[in-house]
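**Student:** task: produce atomic coordinates for the following.
(chains A and B)
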2 protein chains.
Amino acid sequence: MQKAVGIIAEYNPFHKGHEYQIQQAKEQTGANIAIILMSGDFVQRGTPAIFAKHQRTAMALLGGADIVFELPSFYACGSAEYFSSGAVSVFNALNSIDFLCFGSESGEIDTCRFLGKLLADEPKLYKEKLRSFLKQGLSFPAARKSALAEYLKEKDIPFSEDFLDTPNNILGIEYCKSLAAQNSSIAPVTIKRIGSSYHETSLSSEYPSASAIRRELIAAWNTQKFLSDTLKNAQPPAVKDYLCALLENETFLIEDDFSLLLKYELMKNTPESLCAFSDMSPDLARRIYHHLNTFETFTQFAEQLKTKELTYTRICRALLHVLLNIPSDLPAISPAYVRLLGFKKESSSFLRILQKNSDIPIITKAADYKKLLPKEVHSLFEKDLFASNLYETVKCNKKSTAFTNDLQKPPIIL
Amino acid sequence: MQKAVGIIAEYNPFHKGHEYQIQQAKEQTGANIAIILMSGDFVQRGTPAIFAKHQRTAMALLGGADIVFELPSFYACGSAEYFSSGAVSVFNALNSIDFLCFGSESGEIDTCRFLGKLLADEPKLYKEKLRSFLKQGLSFPAARKSALAEYLKEKDIPFSEDFLDTPNNILGIEYCKSLAAQNSSIAPVTIKRIGSSYHETSLSSEYPSASAIRRELIAAWNTQKFLSDTLKNAQPPAVKDYLCALLENETFLIEDDFSLLLKYELMKNTPESLCAFSDMSPDLARRIYHHLNTFETFTQFAEQLKTKELTYTRICRALLHVLLNIPSDLPAISPAYVRLLGFKKESSSFLRILQKNSDIPIITKAADYKKLLPKEVHSLFEKDLFASNLYETVKCNKKSTAFTNDLQKPPIIL
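**Tutor:** Numbering: from 1, shown residues only, chains lettered A, B, ... in the order given. This is a model prediction of the structure:
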């Protein structure tokens, strides 16, 4: 009997910490299959991924993943809450996942489950406190943290406020909340993160972070340093070799490769029409409109728009939604499909089980989407296609190479 | 008493032939003021102008023009008929222009007037013949030519068919037709073109064409040849000096500088939504959609879309309308404003006469447009602003220089 552990990931790019998480997830749960639900070509912090989804899939498979699916862009570029509930819904709909494993700073699954359940239930007292902190002008994460702390104190439940200060703990609670809210039979498991923290920029530690790798990679590229040396401490050897070979013919993408397109699209809008895009507030739309003459690049512009209330990531996410043409009124339905990005040959029997059990179509050949999906879902899948085709277009433009439509890209088989 | 001769132009870029036309126009009409109505940053063949409108204005003033106005982009990028009727309407509305002077291959004003009047009146027999040739699948210019030839033959009016084979004669007839259709008091005058024909690509003749200059300029730029030598045969000395100084800090734009933006915009559309843009036919929209995966550059794509029925220029114009966001259902009203791009100091008294007599507001400070124009016209003026700001954005992106909004650009005064 095969057991599967699910992991929600971006692998931007894949590193040793990711490899460790997959190994530990299998060991701690006794699962023999690791199923990854990975963001496509754009990620949750509102930026393009540094490598395309099929390339990141190949690296994940080389690093220990067994099957990789694409998290629809609709969820992948959404707020943490949206991202989490969408991803959990997809795993639920697959009907064959036993565990959901996530990294956290604390490594305490009981606390994550307890807080996740509490946030899913939203007791009256907690809700009142949350509302009052929001009224005082606190951002949502800050208000939630304070409301939780006060609520738990009044209920005499021991709780360390620090728990809510780290991004992976917070995301872990979100996953647990989504599992509770969806009455999922999937059991949450957490692996204590080791090595560098999320924002750590050095590559010298034993487990460098993805952002450190991105930074180093861009610097190495610009100075024509030997990439292989740069990456050998950061990535499993097979992943590193793949990446170095890839970069001999390919390039990577950063936010600023989309600068001209973003300015063009922003120029076409008014403050009113901007508000039709997902994650755009009237206040942010006005700021965009009034600062547009000083637009230089994607990152410079997002930096310039920052305020006490509007975080950099929140702004990037709204700008990305403009660029990807994702309106705020897309039908907020539960996931209606999942696309297969790649798998290991030896997992094909489990893939057949998934295909048999799944409540939603598993799309292995993208060009078949019109046959496989009900009509009202076509536009959602087309948003994923548009995002990937835009990514590929910008990459082809940067490298002067030929374009391949995402519809023509088969899953990676290793 | 001052007399004014109007010239409709693109000056893309200004050359000796243009200087000759202004001199001759003044001499032959006895006018002492030459008023130019010039396309903005995008021109009638569906491409960006090689230099921005304010730079082309400076060159025109150095080459003999007295006052330069901007032909609204709504007309400037339209078909020959639309371009001509829009431009003539603007001159009419100014109420102070005595002559309209245009270059032609024939130099025969009587034939232009006669044919223009005939096309404005559209006698029944001519219309029937036109309809029948169109039904046979001929393009509009070919059908019109055949219908005219047959009509004149039946009416026993002597006419050389060659007359309709050259682009400036055809445009001249369009101007005369618009003057006749609008019962204008402006008298048409034509100057026989000298030197290179429109499509001539050599710079060695005495009067090189604008397209020869563009080609040579791009080649010189790419090979870092000394531009001053290249241009001294082609442009009046003052214009050449201005251009050489300009190019020390500035760059020029070609269609392919807009390739990525165009592909992005086309990707966002379906064959149905493309049809909402001006000059787009359902057939062309379908071709665009089906060929999009092989898009490399603006010019390569337009070349690829060509058919027997769809000319290259027609395709460029439709693509440009997509890029400039010009829908086919913009209110087809008569010109409601004209923007001053530049003038010679000694013409300021005539400018005041124009301002007094004009039926439409003369916009000297673009930022005032909301005060000067009725609300229903704002969106038309905003299309001009958008076009210029897009041009400037692409130029700033190419040269990494700071952006200046078109609203902030004052007229050039020489």
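**Student:** and A:Ser79, what does it touch?
**Tutor:** A:Asp279, A:Arg317 (C-beta atoms under 8 Å, 6 or more residues apart in numbering or on different chains). Quick note: C-beta positions are derived from backbone N, CA and C, even for glycine.
**Student:** how about a cut-off of 7 Å?
**Tutor:** The neighbourhood of A:Ser79, defined by C-beta atoms under 7 Å, 6 or more residues apart in numbering or on different chains, consists of A:Asp279.
**Student:** so for it, what's the pLDDT?
**Tutor:** In this prediction, A:Ser79 carries a pLDDT score of 85.
**Student:** next one: the one 4 residues further on
**Tutor:** At A:Phe83, the predicted lDDT confidence score is 92.
**Student:** secondary structure element for it?
**Tutor:** Using DSSP states H and E, A:Phe83 maps to helix A:80-94.
**Student:** could you do A:Glu382 as well?
**Tutor:** With DSSP H and E as the test, A:Glu382 turns up in helix A:378-399.
**Student:** show me what the helix or strand following that helix is in contact with.
**Tutor:** Using DSSP H and E, the helix or strand that follows helix A:378-399 in sequence is strand A:412-413. For strand A:412-413, contacts defined as C-beta under 7 Å, 6+ apart pick out A:His54, A:Thr57, A:Ala58, A:Leu61, A:Leu341, A:Gly342, A:Phe343, A:Lys345.
**Student:** what's near enough to touch the fifth one?
**Tutor:** Residues in contact with A:Leu341, defined by C-beta under 7 Å, 6+ apart, are A:Met38, A:Lys53, A:His54, A:Thr57, A:Val68, A:Phe69, A:Glu70, A:Pro411, A:Ile412.
**Student:** re the thing from before, just the CA atoms of the helix holding A:Glu382, as PDB, please.
**Tutor:** Taking C-alpha atoms only, helix A:378-399 is exported to PDB below (Å, rounded to 0.1, in the frame of the first residue of the first chain):
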ATOM      1  CA  HIS A 378     -11.700  27.600 -19.500                       C
ATOM      2  CA  SER A 379     -10.900  31.200 -18.600                       C
ATOM      3  CA  LEU A 380      -9.200  30.100 -15.400                       C
ATOM      4  CA  PHE A 381      -7.000  27.600 -17.200                       C
ATOM      5  CA  GLU A 382      -6.300  30.300 -19.900                       C
ATOM      6  CA  LYS A 383      -5.000  32.600 -17.100                       C
ATOM      7  CA  ASP A 384      -2.400  29.900 -16.300                       C
ATOM      8  CA  LEU A 385      -1.500  29.600 -20.000                       C
ATOM      9  CA  PHE A 386      -1.300  33.400 -20.400                       C
ATOM     10  CA  ALA A 387       1.000  33.700 -17.500                       C
ATOM     11  CA  SER A 388       3.300  31.000 -18.800                       C
ATOM     12  CA  ASN A 389       3.200  32.300 -22.300                       C
ATOM     13  CA  LEU A 390       4.000  35.800 -21.100                       C
ATOM     14  CA  TYR A 391       7.000  34.400 -19.100                       C
ATOM     15  CA  GLU A 392       8.200  32.500 -22.100                       C
ATOM     16  CA  THR A 393       7.700  35.500 -24.400                       C
ATOM     17  CA  VAL A 394       9.800  37.800 -22.100                       C
ATOM     18  CA  LYS A 395      12.500  35.100 -21.900                       C
ATOM     19  CA  CYS A 396      12.600  34.600 -25.700                       C
ATOM     20  CA  ASN A 397      12.800  38.400 -26.100                       C
ATOM     21  CA  LYS A 398      15.700  38.500 -23.600                       C
ATOM     22  CA  LYS A 399      17.600  35.600 -25.200                       C
END
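**Student:** so what secondary structure elements neighbour that helix?
**Tutor:** Helices and strands touching helix A:378-399, by 3 or more C-beta pairs under 7 Å, 6 or more residues apart in numbering or on different chains; DSSP states H and E, are helix A:73-76, helix B:259-267.
**Student:** other SSEs contacting the helix holding A:Phe83?
**Tutor:** Using 3+ C-beta pairs under 7 Å, 6+ apart, helix A:80-94 sits against strand A:33-39, strand A:67-71, helix A:73-76, helix A:167-181.
**Student:** and the contacts of the shortest one?
**Tutor:** Identification of contacts with helix A:73-76 by C-beta under 7 Å, 6+ apart yields A:39-40, A:42-44, A:82-83, A:86-87, A:324, A:330, A:380, A:383-384, A:387.
**Student:** run the last query once more with 10 Å
**Tutor:** A:8, A:10, A:37-44, A:49, A:53, A:70, A:82-90, A:278, A:320-321, A:324, A:326, A:330-333, A:335, A:380-381, A:383-388 (C-beta atoms under 10 Å, 6 or more residues apart in numbering or on different chains).
**Student:** could you tell me the least trusted of the helices and strands packed on helix A:378-399?
**Tutor:** helix A:73-76 (a mean of 89).
**Student:** that older thread, rank the helices and strands packed on helix A:80-94 by pLDDT, which is bottom?
**Tutor:** Among these, helix A:73-76 has the lowest mean pLDDT, at a mean of 89.
**Student:** just the buried residues of that helix, please?
**Tutor:** A:Ser73, A:Phe74, A:Tyr75, A:Ala76 (16 or more other C-beta atoms under 10 Å in any protein chain shown).
**Student:** same deal with stretch A:81-99?
**Tutor:** Buried residues in stretch A:81-99, counted by 16+ other C-beta under 10 Å: A:82-94, A:96-99.
**Student:** list the helices and strands the worst-scoring helix or strand of chain A on mean pLDDT packs on?
**Tutor:** Taking mean pLDDT, DSSP states H and E as the measure, chain A has helix A:227-231 as its least confident helix or strand, at a mean of 79. Packed against helix A:227-231 by the contact rule (3 or more C-beta pairs under 10 Å, 6 or more residues apart in numbering or on different chains; DSSP states H and E) you find helix A:210-223, helix A:237-249.
**Student:** right, and these - which one's nearest A:Ile22?
**Tutor:** helix A:237-249 (11.8 Å; C-beta to C-beta).
**Student:** and that closest one, C-alpha only, in PDB?
**Tutor:** The C-alpha atoms that make up helix A:237-249 are tabulated as PDB, following Å, rounded to 0.1, in the frame of the first residue of the first chain:
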ATOM      1  CA  PRO A 237      24.700  17.900  -6.800                       C
ATOM      2  CA  ALA A 238      22.200  16.600  -9.400                       C
ATOM      3  CA  VAL A 239      20.200  19.800  -9.200                       C
ATOM      4  CA  LYS A 240      23.300  21.900  -9.400                       C
ATOM      5  CA  ASP A 241      24.500  20.100 -12.500                       C
ATOM      6  CA  TYR A 242      21.200  20.400 -14.200                       C
ATOM      7  CA  LEU A 243      21.100  24.200 -13.400                       C
ATOM      8  CA  CYS A 244      24.600  24.800 -14.600                       C
ATOM      9  CA  ALA A 245      23.900  22.900 -17.900                       C
ATOM     10  CA  LEU A 246      20.700  24.800 -18.300                       C
ATOM     11  CA  LEU A 247      22.300  28.200 -17.900                       C
ATOM     12  CA  GLU A 248      24.700  27.500 -20.800                       C
ATOM     13  CA  ASN A 249      21.800  28.000 -23.200                       C
END
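**Student:** so how far is it off the chain centroid?
**Tutor:** Helix A:237-249 sits 23 Å away from the centroid of its parent chain (C-alpha atoms, centre = their mean, to the nearest Å).
**Student:** and it, which residues are buried?
**Tutor:** A:Ala238, A:Val239, A:Lys240, A:Tyr242, A:Leu243, A:Cys244, A:Leu246, A:Leu247.
**Student:** measure the fifth one to chain B for me?
**Tutor:** In this case it means A:Leu243. From A:Leu243 across to chain B, the span is 26 Å (C-beta to the nearest C-beta, to the nearest Å).
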